[in-house]
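Participant: following is a predicted model, sequence given first.
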Amino acid sequence: MKDMRFPIDIIWIRDGVVIDVSKDAPVPHDGIIDRFSPKEPANGVLEVNAGVADEVNIKPGDKVLLRQ
């Protein structure tokens, strides 16, 4: 999150399933960078603009499909 300029939602993923969502992670301020981690181990993460997780109703247990 270093040098982020806008708040984000962090979607934590393990083996194609959302396991946690950290909503509205703030922009670093005064040299302080907040740390975020999922409630359970993850092997993937998707960072989106803050509010997107609520807008599209992303929640733990949702499946994630990756297109290549």
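Facilitator: That came through, no problem. Please read all numbers here as calculations on a predicted model, not as lab measurements.

Participant: quick check: closest non-adjacent residue to the residue nearest the centre of the chain.
Facilitator: The chain has residue 10 as the residue nearest its centroid, 0.8 Å off, counting by Cα atoms, centre = their mean. Once flanking residues are discounted, residue 10 sits nearest to residue 22: 4.1 Å by Cβ to Cβ, 6 or more residues apart in numbering. In this view, the C-beta of every residue, glycine as well, is placed from N, C-alpha and C.

Participant: confirm that neighbour sits in a helix?
Facilitator: No - applying DSSP: H, G, I helix; E, B strand; the rest coil, one finds residue 22 to be strand, outside a helix.

Participant: hmm, it is touching residue 34, no?
Facilitator: No - here residue 22 does not reach residue 34: they are 9.5 Å apart, not a contact under Cβ atoms under 8 Å.

Participant: need the pLDDT of residue 1.
Facilitator: Here, the pLDDT recorded for residue 1 equals 66.

Participant: still on that earlier bit, so what's the residue nearest to residue 10 up against?
Facilitator: Taking Cβ atoms under 8 Å, 6 or more residues apart in numbering as the contact definition, residue 22 lies against 9-10, 12, 36, 38.

Participant: repeat the analysis, applying 7 Å as the threshold.
Facilitator: 9-10, 36 (Cβ atoms under 7 Å, 6 or more residues apart in numbering).

Participant: just give me the closest of the residues you listed to residue 58.
Facilitator: The closest of these to residue 58 turns out to be residue 9 (Cβ to Cβ; 7.8 Å).

Participant: how many other residues sit next to the closest residue to residue 14 other than its chain neighbours?
Facilitator: Once flanking residues are discounted, residue 14 sits nearest to residue 42: 4.9 Å by Cβ to Cβ, 6+ apart. Residues near residue 42, counting by other Cβ atoms under 10 Å, number 18.
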